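Q: Generate coordinates for the sequence data below:
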Amino acid sequence: MLVDLSGVSKVYDSPSGTDPVVVLRDLDLKLPAGESLAVVGPSGSGKSTLLNLIGALETPTGGTVRIDGHDVSELDEKGLAAFRNQTVGFVFQLHHLLPQCTVLENVLLPTLAAPGSEARAELTLRAEKLIRQVGLANRGHHRPAELSGGERQRVAVARALVNQPKLLLADEPTGSLDHANADRLADLLEELNREHGITLLLVTHSRELAARANRTLQLEEGRLLAPLAP
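A: Alright, predicted model coming up:
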């Protein structure tokens, strides 16, 4: 099981000093390798918190987060950095590209912190292949300001994949795109999962995007439930 959450809870202290804010409650989740899962729910339901726990950007208040058989809470700082860099790839609602860097340079950024002995030429070839794969073969030397919003988000997907992660986490990846670009990005994510076997976990408000996944769950009152029929 690639993703295995058992009894996970997340509680935040209240800024006003009143009752703590309970976001996730005794939550269980299993996601096999190669599957795609969409988690839907209203704003504030804890969808981003769930992704942050799986990606080791936050720690649970209780329960266990296991990714690829490893308890993330047992990793030291060096291990956590390697985990975030090598095991998971992140795609956010905003692309967070560096404006002074070209598309190719942005895609290569995660490799700068990657351990290992891969030659720079090999990494560059991989990045160029990903740029072609996301449909931007003629944009490699452009900067973000020269791209559309949809193109920038596709660059962000390529960047998330450059270190060949086992799991791609996407947080509202189409939230800032118009309908046409949202459809193109949804097509790309579906292709990456179906044809290239990349495990995908996305959270979204979009029922259309969620329908592309193998499975959909709804986050409600801190727990994951089968969604109600439309």
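Q: Going by C-alpha atoms from here, please, whenever you check contacts or count neighbours.
A: Fine.
Q: what sits against E191?
A: If you count contacts by C-alpha atoms under 8 Å, 6 or more residues apart in numbering, E191 has none.
Q: Tell me the pLDDT of the closest residue to P99 other than its chain neighbours.
A: Closest residue to P99 apart from its sequence neighbours, by C-alpha to C-alpha, 6 or more residues apart in numbering: P144 at 5.6 Å. The model reports P144 with a pLDDT of 95.
Q: Distance of P144 relative to V134?
A: Distance, P144 to V134, using C-alpha to C-alpha, to the nearest Å: 15 Å.
Q: On the three-state scheme, Q218 is what?
A: strand (DSSP: H, G, I helix; E, B strand; the rest coil).
Q: Look at P144 and V134 and report which has more neighbours.
A: P144 (23 against 20; other C-alpha atoms under 10 Å).
Q: Please enumerate residues in contact with the least confident helix or strand in the chain by mean pLDDT?
A: Here the helix or strand of the chain ranked lowest by mean pLDDT, DSSP states H and E is helix 77-86, holding a mean of 86. By C-alpha under 8 Å, 6+ apart, the residues outside helix 77-86 that reach it are 55-56, 72, 110, 113-115, 163-166.
Q: neighbour-wise, which of the residues you listed leads?
A: G55 (24 neighbours).
Q: any low-confidence regions in this protein?
A: The model of the chain has pLDDT under 70 over residues 114-118, 227-230.
Q: Which residue ranges of it form strands?
A: 3-12, 21-31, 36-40, 62-67, 70-71, 88-91, 167-171, 199-204, 215-220, 223-225 (DSSP state E).
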